[in-house]
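Novice: model the following, please.
(one chain, ligands or ions: 1)
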Amino acid sequence: MSDFITAQDITNLSKCRRIVYLDRHGDPALRVEPSEYERWLMEQGIEFEQQAIADYDLYVVHAPEDPQAAFGATLQLMRHGVEMIYQGTLLYEGLHGRPDLLVRVDGGASRFGGYYYRPVDIKSARRASDSHRHQVMFYCYLLHGVQGFAPDGALLLNGGPEGGGDTEIEVPYAQDEILALLNEVIDTIDGDEPRPFITSACQGCRWRNVCLPLAEKMRDVSLLPGIRRDTWQALHERGVRTLEQVAALTLDELIRVDGIGRKTAPRLLARARAHVEQRAVLVEPPRLAPPVPGESFFDIEGFSHKNVDCYYLLGLLVRRGEEYAFEYDLAERPEDEREMWFSFLDRVDTLDGPVYHYGAYERTAIGRLVERHGGGAPARRFLDRFVDLHRLLKNSVALPLHGYSLKQVAPWLGFEWTGFTQAAPESIVEYHRWLETGERQHLEHVIVYNRDDVLATRVVRDWLLNFSST
Ligand code: SF4
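Specialist: Numbering: from 1, shown residues only. Here you go, the predicted model:
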(Lines give C-alpha, C1' and ligand atoms only; values in the text may rest on other atoms or scores of the structure.)
Protein backbone atom coordinates (compact mmCIF):
# COMPACT_ATOMS: atom_id res chain seq x y z
CA MET A 1 0.00 0.00 0.00
CA SER A 2 1.44 3.38 -0.98
CA ASP A 3 1.58 6.35 1.38
CA PHE A 4 -0.71 8.35 -0.88
CA ILE A 5 -4.35 8.82 0.05
CA THR A 6 -6.50 7.51 -2.80
CA ALA A 7 -10.15 7.44 -3.84
CA GLN A 8 -10.25 3.90 -2.42
CA ASP A 9 -9.63 5.30 1.07
CA ILE A 10 -12.66 7.57 0.70
CA THR A 11 -14.79 4.64 -0.46
CA ASN A 12 -13.55 2.41 2.35
CA LEU A 13 -14.29 5.05 4.96
CA SER A 14 -18.01 4.67 4.38
CA LYS A 15 -17.71 0.87 4.68
CA CYS A 16 -15.56 0.65 7.81
CA ARG A 17 -12.93 3.03 9.25
CA ARG A 18 -10.87 0.04 10.27
CA ILE A 19 -10.24 -0.86 6.60
CA VAL A 20 -8.64 2.57 6.09
CA TYR A 21 -6.49 2.05 9.19
CA LEU A 22 -5.43 -1.52 8.35
CA ASP A 23 -4.64 -0.62 4.73
CA ARG A 24 -1.91 1.63 6.17
CA HIS A 25 -0.81 -0.20 9.29
CA GLY A 26 -1.89 -3.84 8.83
CA ASP A 27 0.29 -6.69 7.61
CA PRO A 28 -0.49 -6.99 3.85
CA ALA A 29 0.32 -10.72 4.00
CA LEU A 30 -2.79 -11.22 6.16
CA ARG A 31 -5.16 -9.70 3.62
CA VAL A 32 -7.42 -12.23 1.91
CA GLU A 33 -6.88 -12.43 -1.86
CA PRO A 34 -9.82 -11.27 -4.04
CA SER A 35 -12.31 -14.06 -4.68
CA GLU A 36 -12.98 -15.42 -8.14
CA TYR A 37 -16.18 -13.39 -8.20
CA GLU A 38 -14.34 -10.17 -7.32
CA ARG A 39 -11.77 -10.85 -10.02
CA TRP A 40 -14.54 -11.54 -12.50
CA LEU A 41 -16.25 -8.25 -11.58
CA MET A 42 -12.94 -6.43 -12.16
CA GLU A 43 -12.59 -8.11 -15.58
CA GLN A 44 -16.15 -7.09 -16.43
CA GLY A 45 -15.46 -3.51 -15.29
CA ILE A 46 -12.37 -3.27 -17.53
CA GLU A 47 -14.26 -4.77 -20.46
CA PHE A 48 -17.08 -2.27 -20.00
CA GLU A 49 -14.62 0.61 -19.75
CA GLN A 50 -12.92 -0.49 -22.99
CA GLN A 51 -16.30 -0.62 -24.77
CA ALA A 52 -17.25 2.80 -23.43
CA ILE A 53 -14.08 4.50 -24.71
CA ALA A 54 -13.71 2.56 -27.98
CA ASP A 55 -15.02 5.40 -30.16
CA TYR A 56 -13.01 8.21 -28.58
CA ASP A 57 -9.74 9.70 -29.74
CA LEU A 58 -7.66 9.45 -26.57
CA TYR A 59 -4.22 10.11 -25.22
CA VAL A 60 -3.29 7.25 -22.92
CA VAL A 61 -1.02 7.65 -19.89
CA HIS A 62 1.02 4.54 -19.10
CA ALA A 63 3.34 3.62 -16.19
CA PRO A 64 0.75 3.58 -13.37
CA GLU A 65 3.33 1.73 -11.21
CA ASP A 66 5.45 4.93 -11.19
CA PRO A 67 3.02 7.66 -10.07
CA GLN A 68 5.55 10.49 -10.41
CA ALA A 69 6.37 9.56 -14.02
CA ALA A 70 2.68 9.06 -14.86
CA PHE A 71 1.83 12.42 -13.28
CA GLY A 72 4.61 14.09 -15.33
CA ALA A 73 3.19 12.58 -18.53
CA THR A 74 -0.35 13.67 -17.58
CA LEU A 75 0.79 17.25 -16.87
CA GLN A 76 2.51 17.40 -20.23
CA LEU A 77 -0.71 16.38 -22.01
CA MET A 78 -2.70 18.91 -20.00
CA ARG A 79 -0.25 21.67 -20.90
CA HIS A 80 -0.63 20.74 -24.57
CA GLY A 81 -4.38 21.03 -24.13
CA VAL A 82 -5.29 17.62 -25.63
CA GLU A 83 -9.02 16.87 -25.72
CA MET A 84 -9.12 13.65 -23.68
CA ILE A 85 -6.63 11.85 -21.46
CA TYR A 86 -7.23 8.21 -20.54
CA GLN A 87 -6.02 7.05 -17.12
CA GLY A 88 -4.13 10.23 -16.34
CA THR A 89 -2.48 10.37 -12.94
CA LEU A 90 -3.07 13.27 -10.57
CA LEU A 91 -0.91 13.96 -7.53
CA TYR A 92 -1.58 16.76 -5.10
CA GLU A 93 -0.61 17.23 -1.45
CA GLY A 94 -0.15 13.52 -0.73
CA LEU A 95 -3.29 12.53 -2.67
CA HIS A 96 -3.22 10.24 -5.69
CA GLY A 97 -5.98 9.67 -8.23
CA ARG A 98 -6.44 8.04 -11.63
CA PRO A 99 -9.72 9.14 -13.16
CA ASP A 100 -10.73 7.10 -16.19
CA LEU A 101 -10.87 10.21 -18.37
CA LEU A 102 -9.83 13.84 -18.15
CA VAL A 103 -11.84 15.90 -20.62
CA ARG A 104 -10.85 19.39 -21.74
CA VAL A 105 -13.41 22.17 -21.32
CA ASP A 106 -12.85 25.51 -23.08
CA GLY A 107 -13.29 28.61 -20.92
CA GLY A 108 -12.22 29.27 -17.35
CA ALA A 109 -8.68 30.18 -16.40
CA SER A 110 -6.51 27.27 -15.35
CA ARG A 111 -2.74 27.51 -15.02
CA PHE A 112 -2.57 26.00 -18.53
CA GLY A 113 -4.53 28.84 -20.20
CA GLY A 114 -8.15 29.54 -21.13
CA TYR A 115 -9.28 25.95 -20.64
CA TYR A 116 -9.44 23.36 -17.87
CA TYR A 117 -10.09 19.66 -17.34
CA ARG A 118 -12.92 17.82 -15.64
CA PRO A 119 -13.01 14.14 -14.70
CA VAL A 120 -15.20 11.45 -16.25
CA ASP A 121 -15.45 8.04 -14.62
CA ILE A 122 -16.93 4.92 -16.19
CA LYS A 123 -18.82 2.41 -14.05
CA SER A 124 -20.54 -0.79 -15.06
CA ALA A 125 -22.92 -0.38 -12.11
CA ARG A 126 -26.55 0.41 -12.79
CA ARG A 127 -26.85 3.38 -10.43
CA ALA A 128 -24.50 5.99 -9.03
CA SER A 129 -23.84 5.19 -5.38
CA ASP A 130 -22.49 7.64 -2.78
CA SER A 131 -19.09 6.03 -3.09
CA HIS A 132 -19.11 6.68 -6.87
CA ARG A 133 -20.02 10.32 -6.18
CA HIS A 134 -17.29 10.69 -3.59
CA GLN A 135 -14.75 9.13 -5.90
CA VAL A 136 -15.32 11.65 -8.72
CA MET A 137 -15.49 14.54 -6.24
CA PHE A 138 -12.09 13.41 -5.00
CA TYR A 139 -10.81 13.70 -8.59
CA CYS A 140 -12.35 17.20 -8.84
CA TYR A 141 -10.44 18.18 -5.70
CA LEU A 142 -7.18 16.87 -7.17
CA LEU A 143 -7.79 18.67 -10.45
CA HIS A 144 -8.60 21.86 -8.58
CA GLY A 145 -5.15 21.72 -6.97
CA VAL A 146 -3.24 20.57 -10.06
CA GLN A 147 -4.70 22.97 -12.61
CA GLY A 148 -5.41 25.86 -10.21
CA PHE A 149 -9.03 26.03 -11.31
CA ALA A 150 -12.05 24.26 -9.82
CA PRO A 151 -14.07 22.14 -12.26
CA ASP A 152 -17.82 22.62 -11.74
CA GLY A 153 -18.22 18.88 -11.33
CA ALA A 154 -17.65 15.50 -12.93
CA LEU A 155 -19.46 13.12 -15.21
CA LEU A 156 -20.25 9.55 -14.30
CA LEU A 157 -20.97 7.19 -17.16
CA ASN A 158 -22.99 4.40 -15.64
CA GLY A 159 -24.90 1.41 -16.87
CA GLY A 160 -24.20 -1.27 -19.42
CA PRO A 161 -24.01 -1.45 -23.15
CA GLU A 162 -27.59 -2.74 -23.25
CA GLY A 163 -28.83 0.72 -22.22
CA GLY A 164 -31.11 1.70 -19.37
CA GLY A 165 -30.04 2.83 -15.91
CA ASP A 166 -28.64 6.30 -15.28
CA THR A 167 -26.26 6.36 -18.20
CA GLU A 168 -24.88 9.90 -17.65
CA ILE A 169 -24.86 11.51 -14.25
CA GLU A 170 -23.54 14.96 -13.48
CA VAL A 171 -21.93 15.11 -10.03
CA PRO A 172 -21.39 18.66 -8.70
CA TYR A 173 -18.07 19.38 -7.02
CA ALA A 174 -18.90 19.82 -3.32
CA GLN A 175 -15.55 20.92 -1.95
CA ASP A 176 -16.61 21.05 1.71
CA GLU A 177 -18.02 17.52 1.56
CA ILE A 178 -14.87 16.02 0.07
CA LEU A 179 -12.63 17.98 2.46
CA ALA A 180 -14.57 16.65 5.44
CA LEU A 181 -14.12 13.09 4.16
CA LEU A 182 -10.41 13.63 3.54
CA ASN A 183 -9.96 14.93 7.07
CA GLU A 184 -11.74 11.86 8.40
CA VAL A 185 -9.40 9.62 6.39
CA ILE A 186 -6.35 11.46 7.76
CA ASP A 187 -7.66 11.28 11.35
CA THR A 188 -8.29 7.55 10.94
CA ILE A 189 -4.83 6.86 9.54
CA ASP A 190 -3.11 8.94 12.24
CA GLY A 191 -5.38 7.86 15.10
CA ASP A 192 -5.60 4.79 17.32
CA GLU A 193 -6.50 1.44 15.79
CA PRO A 194 -10.33 1.27 15.63
CA ARG A 195 -11.77 -1.77 17.40
CA PRO A 196 -13.25 -4.39 15.04
CA PHE A 197 -17.01 -4.20 14.77
CA ILE A 198 -18.14 -7.46 13.24
CA THR A 199 -21.05 -7.31 10.79
CA SER A 200 -22.20 -9.43 7.86
CA ALA A 201 -20.11 -7.12 5.62
CA CYS A 202 -16.95 -8.54 7.24
CA GLN A 203 -17.53 -11.78 5.31
CA GLY A 204 -16.59 -9.93 2.12
CA CYS A 205 -13.78 -7.81 3.59
CA ARG A 206 -10.17 -8.62 2.82
CA TRP A 207 -9.17 -8.01 6.45
CA ARG A 208 -11.60 -10.59 7.84
CA ASN A 209 -8.84 -13.02 8.79
CA VAL A 210 -7.39 -10.31 11.02
CA CYS A 211 -10.57 -8.89 12.55
CA LEU A 212 -12.62 -12.03 13.21
CA PRO A 213 -9.91 -13.84 15.22
CA LEU A 214 -9.20 -10.61 17.10
CA ALA A 215 -12.88 -10.06 17.96
CA GLU A 216 -13.11 -13.69 19.05
CA LYS A 217 -10.03 -13.35 21.21
CA MET A 218 -11.50 -10.22 22.76
CA ARG A 219 -14.88 -12.00 23.08
CA ASP A 220 -16.21 -8.74 21.68
CA VAL A 221 -19.92 -7.93 21.92
CA SER A 222 -20.08 -7.21 18.16
CA LEU A 223 -19.93 -10.99 17.64
CA LEU A 224 -23.62 -11.03 18.58
CA PRO A 225 -25.50 -11.26 15.29
CA GLY A 226 -27.53 -8.19 14.36
CA ILE A 227 -26.24 -5.92 17.13
CA ARG A 228 -26.31 -2.27 16.01
CA ARG A 229 -23.22 -0.11 16.18
CA ASP A 230 -24.85 2.42 18.53
CA THR A 231 -25.94 -0.41 20.87
CA TRP A 232 -22.43 -1.86 20.79
CA GLN A 233 -21.06 1.60 21.56
CA ALA A 234 -23.52 2.09 24.43
CA LEU A 235 -22.58 -1.30 25.92
CA HIS A 236 -18.86 -0.48 25.66
CA GLU A 237 -19.43 2.88 27.36
CA ARG A 238 -21.00 1.01 30.28
CA GLY A 239 -17.97 -1.26 30.46
CA VAL A 240 -19.87 -4.21 28.96
CA ARG A 241 -17.41 -5.31 26.31
CA THR A 242 -17.48 -9.11 26.25
CA LEU A 243 -20.03 -11.81 25.48
CA GLU A 244 -19.59 -13.11 29.02
CA GLN A 245 -20.43 -9.69 30.48
CA VAL A 246 -23.62 -9.46 28.39
CA ALA A 247 -24.62 -13.02 29.34
CA ALA A 248 -24.26 -12.13 33.04
CA LEU A 249 -26.69 -9.17 32.80
CA THR A 250 -30.34 -9.38 33.77
CA LEU A 251 -33.07 -8.39 31.33
CA ASP A 252 -33.73 -5.20 33.33
CA GLU A 253 -30.07 -4.23 33.19
CA LEU A 254 -30.00 -4.77 29.43
CA ILE A 255 -33.14 -2.71 28.86
CA ARG A 256 -31.47 0.25 30.62
CA VAL A 257 -28.82 0.35 27.84
CA ASP A 258 -29.58 2.90 25.06
CA GLY A 259 -30.98 1.23 21.95
CA ILE A 260 -32.09 -2.01 23.66
CA GLY A 261 -35.85 -2.37 24.02
CA ARG A 262 -38.05 -4.91 25.80
CA LYS A 263 -38.44 -6.85 22.56
CA THR A 264 -34.76 -7.10 21.63
CA ALA A 265 -33.34 -7.68 25.13
CA PRO A 266 -34.38 -11.37 25.53
CA ARG A 267 -32.99 -12.21 22.09
CA LEU A 268 -29.71 -10.43 22.79
CA LEU A 269 -29.36 -12.18 26.12
CA ALA A 270 -30.10 -15.58 24.58
CA ARG A 271 -27.52 -14.94 21.84
CA ALA A 272 -24.86 -14.03 24.39
CA ARG A 273 -25.67 -17.18 26.38
CA ALA A 274 -25.54 -19.31 23.22
CA HIS A 275 -21.99 -18.03 22.62
CA VAL A 276 -20.88 -18.49 26.21
CA GLU A 277 -22.38 -21.97 26.57
CA GLN A 278 -21.61 -22.98 22.96
CA ARG A 279 -25.07 -24.39 22.38
CA ALA A 280 -28.40 -23.48 20.83
CA VAL A 281 -30.76 -21.61 23.17
CA LEU A 282 -34.51 -21.54 22.57
CA VAL A 283 -35.98 -18.02 22.55
CA GLU A 284 -39.56 -18.90 21.68
CA PRO A 285 -40.92 -22.05 20.02
CA PRO A 286 -41.21 -21.60 16.23
CA ARG A 287 -44.57 -22.20 14.57
CA LEU A 288 -43.60 -24.99 12.21
CA ALA A 289 -45.86 -27.62 10.68
CA PRO A 290 -44.69 -31.26 10.64
CA PRO A 291 -43.35 -32.58 7.30
CA VAL A 292 -46.06 -33.35 4.73
CA PRO A 293 -46.16 -34.70 1.16
CA GLY A 294 -46.17 -31.79 -1.31
CA GLU A 295 -43.88 -29.62 0.79
CA SER A 296 -40.86 -28.15 -0.94
CA PHE A 297 -37.60 -26.30 -0.26
CA PHE A 298 -36.96 -23.51 -2.71
CA ASP A 299 -33.94 -21.51 -3.86
CA ILE A 300 -33.31 -19.14 -6.78
CA GLU A 301 -30.10 -18.26 -8.58
CA GLY A 302 -29.89 -14.93 -10.34
CA PHE A 303 -27.75 -11.90 -11.01
CA SER A 304 -28.05 -8.24 -11.74
CA HIS A 305 -25.16 -7.00 -13.77
CA LYS A 306 -24.56 -4.41 -16.50
CA ASN A 307 -28.26 -3.58 -16.63
CA VAL A 308 -29.20 -7.20 -17.13
CA ASP A 309 -31.42 -8.62 -14.41
CA CYS A 310 -31.68 -12.33 -14.83
CA TYR A 311 -32.88 -15.31 -12.83
CA TYR A 312 -31.40 -18.42 -14.33
CA LEU A 313 -32.29 -21.30 -12.02
CA LEU A 314 -35.35 -22.04 -9.89
CA GLY A 315 -34.66 -25.12 -7.78
CA LEU A 316 -36.91 -27.17 -5.53
CA LEU A 317 -36.45 -30.10 -3.23
CA VAL A 318 -39.93 -31.63 -3.41
CA ARG A 319 -41.48 -34.25 -1.21
CA ARG A 320 -43.58 -36.52 -3.41
CA GLY A 321 -45.02 -39.29 -1.26
CA GLU A 322 -42.29 -40.24 1.20
CA GLU A 323 -39.36 -39.36 -1.09
CA TYR A 324 -37.62 -36.05 -1.63
CA ALA A 325 -36.42 -35.21 -5.13
CA PHE A 326 -34.48 -32.26 -6.53
CA GLU A 327 -36.28 -30.61 -9.45
CA TYR A 328 -35.42 -27.42 -11.27
CA ASP A 329 -36.14 -25.12 -14.15
CA LEU A 330 -33.20 -23.52 -15.90
CA ALA A 331 -32.70 -20.64 -18.33
CA GLU A 332 -29.72 -21.75 -20.37
CA ARG A 333 -29.59 -18.19 -21.79
CA PRO A 334 -30.85 -15.04 -20.07
CA GLU A 335 -33.42 -14.66 -22.86
CA ASP A 336 -34.93 -18.03 -21.82
CA GLU A 337 -36.00 -16.63 -18.45
CA ARG A 338 -39.67 -16.29 -19.45
CA GLU A 339 -39.89 -19.89 -20.65
CA MET A 340 -38.20 -21.09 -17.45
CA TRP A 341 -40.64 -19.05 -15.36
CA PHE A 342 -43.80 -20.51 -16.89
CA SER A 343 -42.42 -24.03 -16.79
CA PHE A 344 -41.69 -23.49 -13.10
CA LEU A 345 -45.19 -22.11 -12.43
CA ASP A 346 -46.72 -25.21 -14.06
CA ARG A 347 -44.55 -27.37 -11.80
CA VAL A 348 -45.36 -25.64 -8.51
CA ASP A 349 -49.07 -25.28 -9.26
CA THR A 350 -49.37 -29.05 -8.93
CA LEU A 351 -48.04 -28.88 -5.33
CA ASP A 352 -49.97 -27.72 -2.29
CA GLY A 353 -47.60 -28.01 0.69
CA PRO A 354 -45.56 -25.31 2.42
CA VAL A 355 -42.64 -23.82 0.49
CA TYR A 356 -39.61 -23.34 2.75
CA HIS A 357 -37.04 -20.79 1.65
CA TYR A 358 -34.21 -19.00 3.44
CA GLY A 359 -34.31 -15.18 3.48
CA ALA A 360 -36.08 -12.44 1.53
CA TYR A 361 -34.42 -12.97 -1.85
CA GLU A 362 -36.85 -15.59 -3.16
CA ARG A 363 -39.99 -13.53 -2.43
CA THR A 364 -38.46 -10.45 -4.11
CA ALA A 365 -37.37 -12.52 -7.10
CA ILE A 366 -40.85 -13.95 -7.62
CA GLY A 367 -42.25 -10.38 -7.56
CA ARG A 368 -39.74 -9.31 -10.23
CA LEU A 369 -40.52 -12.34 -12.41
CA VAL A 370 -44.24 -11.52 -12.25
CA GLU A 371 -43.51 -7.87 -13.17
CA ARG A 372 -41.45 -8.96 -16.14
CA HIS A 373 -43.45 -11.89 -17.50
CA GLY A 374 -46.84 -12.12 -15.75
CA GLY A 375 -48.19 -15.28 -14.15
CA GLY A 376 -49.59 -13.31 -11.20
CA ALA A 377 -52.33 -15.78 -10.16
CA PRO A 378 -50.21 -18.97 -9.88
CA ALA A 379 -47.35 -16.90 -8.42
CA ARG A 380 -49.68 -15.61 -5.67
CA ARG A 381 -50.80 -19.16 -4.87
CA PHE A 382 -47.13 -20.12 -4.64
CA LEU A 383 -46.19 -17.13 -2.47
CA ASP A 384 -49.10 -17.81 -0.11
CA ARG A 385 -47.38 -21.04 0.89
CA PHE A 386 -43.98 -19.43 1.63
CA VAL A 387 -42.33 -20.02 5.00
CA ASP A 388 -39.17 -17.98 5.60
CA LEU A 389 -36.93 -20.25 7.65
CA HIS A 390 -34.30 -17.55 8.14
CA ARG A 391 -36.78 -15.29 9.93
CA LEU A 392 -38.24 -18.16 11.88
CA LEU A 393 -34.83 -19.36 13.01
CA LYS A 394 -33.57 -15.88 14.01
CA ASN A 395 -36.66 -15.19 16.07
CA SER A 396 -36.93 -18.53 17.78
CA VAL A 397 -33.41 -19.78 18.47
CA ALA A 398 -30.06 -18.28 19.47
CA LEU A 399 -26.98 -19.99 18.06
CA PRO A 400 -23.28 -19.57 18.92
CA LEU A 401 -22.59 -17.95 15.54
CA HIS A 402 -21.74 -14.46 14.23
CA GLY A 403 -24.59 -14.55 11.75
CA TYR A 404 -27.60 -16.57 10.63
CA SER A 405 -26.94 -16.89 6.91
CA LEU A 406 -27.53 -20.34 5.46
CA LYS A 407 -23.77 -20.64 4.87
CA GLN A 408 -23.15 -20.12 8.59
CA VAL A 409 -26.05 -22.07 10.07
CA ALA A 410 -26.08 -25.23 7.92
CA PRO A 411 -22.35 -26.07 8.45
CA TRP A 412 -22.88 -25.63 12.20
CA LEU A 413 -25.57 -28.31 11.88
CA GLY A 414 -23.09 -30.57 10.08
CA PHE A 415 -24.11 -29.88 6.47
CA GLU A 416 -21.44 -29.56 3.76
CA TRP A 417 -21.68 -28.08 0.28
CA THR A 418 -20.21 -30.84 -1.85
CA GLY A 419 -19.94 -29.26 -5.30
CA PHE A 420 -17.30 -27.19 -7.08
CA THR A 421 -19.36 -24.06 -6.39
CA GLN A 422 -19.76 -23.13 -2.74
CA ALA A 423 -21.37 -19.67 -2.75
CA ALA A 424 -23.87 -17.59 -4.74
CA PRO A 425 -21.26 -15.23 -6.31
CA GLU A 426 -19.34 -18.28 -7.57
CA SER A 427 -22.54 -19.60 -9.13
CA ILE A 428 -22.90 -16.29 -11.03
CA VAL A 429 -19.33 -16.62 -12.33
CA GLU A 430 -19.98 -20.22 -13.38
CA TYR A 431 -23.16 -19.24 -15.21
CA HIS A 432 -21.25 -16.55 -17.11
CA ARG A 433 -18.42 -18.99 -17.86
CA TRP A 434 -21.09 -21.28 -19.37
CA LEU A 435 -22.48 -18.36 -21.45
CA GLU A 436 -18.98 -17.46 -22.65
CA THR A 437 -17.60 -20.94 -23.36
CA GLY A 438 -20.62 -23.22 -23.84
CA GLU A 439 -18.85 -25.79 -21.62
CA ARG A 440 -21.60 -27.71 -19.86
CA GLN A 441 -19.60 -28.46 -16.73
CA HIS A 442 -20.12 -24.82 -15.65
CA LEU A 443 -23.87 -25.28 -15.86
CA GLU A 444 -23.55 -28.52 -13.88
CA HIS A 445 -21.72 -26.61 -11.12
CA VAL A 446 -24.59 -24.12 -10.99
CA ILE A 447 -27.17 -26.90 -10.70
CA VAL A 448 -25.27 -28.85 -8.03
CA TYR A 449 -24.83 -25.65 -6.01
CA ASN A 450 -28.54 -24.93 -6.11
CA ARG A 451 -29.30 -28.53 -5.12
CA ASP A 452 -26.97 -28.21 -2.13
CA ASP A 453 -28.68 -24.98 -1.11
CA VAL A 454 -32.13 -26.60 -1.00
CA LEU A 455 -30.73 -29.64 0.80
CA ALA A 456 -29.18 -27.30 3.38
CA THR A 457 -32.52 -25.50 3.75
CA ARG A 458 -34.17 -28.82 4.56
CA VAL A 459 -31.47 -29.62 7.13
CA VAL A 460 -32.26 -26.34 8.90
CA ARG A 461 -36.03 -27.03 8.87
CA ASP A 462 -35.57 -30.57 10.19
CA TRP A 463 -33.23 -29.42 12.94
CA LEU A 464 -35.51 -26.57 13.98
CA LEU A 465 -38.51 -28.88 14.13
CA ASN A 466 -36.57 -31.41 16.16
CA PHE A 467 -34.93 -28.87 18.49
CA SER A 468 -38.14 -27.04 19.33
CA SER A 469 -39.94 -30.28 20.14
CA THR A 470 -37.29 -31.55 22.62
S1 SF4 B 1 -13.28 -7.32 8.62
FE2 SF4 B 1 -14.97 -6.04 9.33
S3 SF4 B 1 -14.17 -4.88 11.07
FE4 SF4 B 1 -12.44 -5.67 9.93
S5 SF4 B 1 -11.85 -4.04 8.57
FE6 SF4 B 1 -13.19 -5.39 7.45
S7 SF4 B 1 -15.26 -4.54 7.68
FE8 SF4 B 1 -13.92 -3.59 9.26
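Novice: does the closest residue in space to Arg279 that isn't next to it in sequence sit in a helix, a strand or a coil?
Specialist: Nearest non-adjacent residue to Arg279, counting by Cβ to Cβ, 6 or more residues apart in numbering: Pro400, 6.8 Å away. In short, each C-beta sits where N, CA and C put it, glycine included. Of the three states, Pro400 takes coil under DSSP: H, G, I helix; E, B strand; the rest coil.
Novice: residues contacting Pro400?
Specialist: Pro400 makes contacts with 274-275, 277-280, 412, as judged by Cβ atoms under 8 Å, 6 or more residues apart in numbering.
Novice: mind telling me the two of those farthest from one another?
Specialist: Spatially, the most separated pair among the contacts of Pro400 is Glu277 and Trp412, at 14.3 Å (Cβ to Cβ).
Novice: helices or strands next to the longest helix anywhere in the chain in the packing?
Specialist: Counting by DSSP state H, the longest helix found in the chain is helix 440-469. On a contact count with 3 or more Cβ pairs under 8 Å, 6 or more residues apart in numbering; DSSP states H and E, helix 440-469 meets strand 296-305, strand 308-320, strand 323-330, strand 355-357, helix 389-396, strand 397-398, helix 406-412, helix 424-437.
Novice: pull the residues that contact the fourth one.
Specialist: Contacting residues not belonging to strand 355-357 are listed as 295-299, 348, 363, 382, 385-389, 457-458, 461 [Cβ under 8 Å, 6+ apart].
Novice: what's the end-to-end length of stretch 281-289?
Specialist: This stretch, stretch 281-289, spans 20 Å end to end (Cα to Cα, to the nearest Å).
Novice: the inter-axis angle of the helix or strand where Ser343 lies versus strand 308-320?
Specialist: Taking DSSP states H and E as the criterion, Ser343 maps to helix 337-348. Orientation of helix 337-348 against strand 308-320 (axes from the mean of the first three to the mean of the last three Cα atoms, to 10 degrees) gives an angle of 20 degrees.
Novice: can you start the count at 797 instead of 1 from here on
Specialist: All set: I'll call the first residue 797, so the last point we hit is now helix 1133-1144.
Novice: what sits against Thr1160?
Specialist: Thr1160 neighbours (Cβ under 8 Å, 6+ apart): none.
Novice: so it is in which element?
Specialist: In this structure, Thr1160 is located in helix 1157-1169 according to DSSP H and E.
Novice: thinking again about what came up before, what are the buried residues along the helix holding Ser1139?
Specialist: Using 16 or more other Cβ atoms under 10 Å as the test for burial, helix 1133-1144 gives 1133, 1136-1137, 1140-1141, 1143-1144.
Novice: same question, stretch 1227-1243
Specialist: Quick answer for stretch 1227-1243 (16+ other Cβ under 10 Å): 1227-1230, 1238-1239, 1241-1243.
Novice: what's around Phe1263, how many residues?
Specialist: 16 (other Cβ atoms under 10 Å).
Novice: check which helices and strands the helix holding Ser1139 sits against.
Specialist: strand 1104-1116, strand 1119-1126, helix 1157-1169, helix 1172-1179.
Novice: quick one: secondary structure of Leu1010?
Specialist: Leu1010 is classified as helix under three-state DSSP.
Novice: how about the residues of the protein that lie near the ligand?
Specialist: Applying Cβ under 6 Å from any ligand atom, one finds that the chain approaches the ligand through 812, 814-815, 818, 992-993, 997-998, 1001, 1003-1004, 1007.
Novice: just the buried ones from those?
Specialist: Buried members of the residues of the chain next to the ligand, scored by 16+ other Cβ under 10 Å, are 812, 814-815, 818, 992-993, 998, 1001, 1003-1004, 1007.
Novice: filter the residues you listed down to just the ones in helices.
Specialist: 814-815, 818, 1004, 1007.
Novice: can you map out the helices along the stretch 797-946 of the chain?
Specialist: Ranges of helices in the stretch 797-946 of the chain, per DSSP state H, counting those that start in this stretch, are 803-811, 813-821, 832-849, 863-876, 926-943.
Novice: okay, those helices, which one's buried deepest?
Specialist: Mean neighbour count, computed with mean count of other Cβ atoms under 10 Å, is highest for helix 926-943 among those, reaching a mean of 22.
Novice: which parts of the chain belong to which domain?
Specialist: Domain segmentation of the chain under automatic domain parsing yields 801-986, 1015-1075, 1092-1265.
Novice: compare the mean pLDDT across the ones you listed and name the weakest.
Specialist: Per-stretch mean pLDDT for the domains of the chain is lowest at domain 801-986 (a mean of 89).
Novice: quick check: end-to-end length of that domain?
Specialist: Domain 801-986 end-to-end distance (Cα to Cα) = 12 Å.
Novice: ok, the closest residue to the ligand within the stretch 1097-1246 of the chain - contacts?
Specialist: The stretch 1097-1246 of the chain approaches the ligand most closely through His1198 (10.6 Å), counting by Cβ to the nearest ligand atom. Each residue near His1198 by Cβ under 8 Å, 6+ apart is listed here: 994, 1008, 1019, 1021, 1204.
Novice: so Tyr1245 versus Gly1111, what's the distance?
Specialist: 9 Å (Cβ to Cβ, to the nearest Å).
Novice: for those two, list the residues in contact with both.
Specialist: Residues within reach of Tyr1245 and of Gly1111 at once, by Cβ under 8 Å, 6+ apart, are Glu1097.
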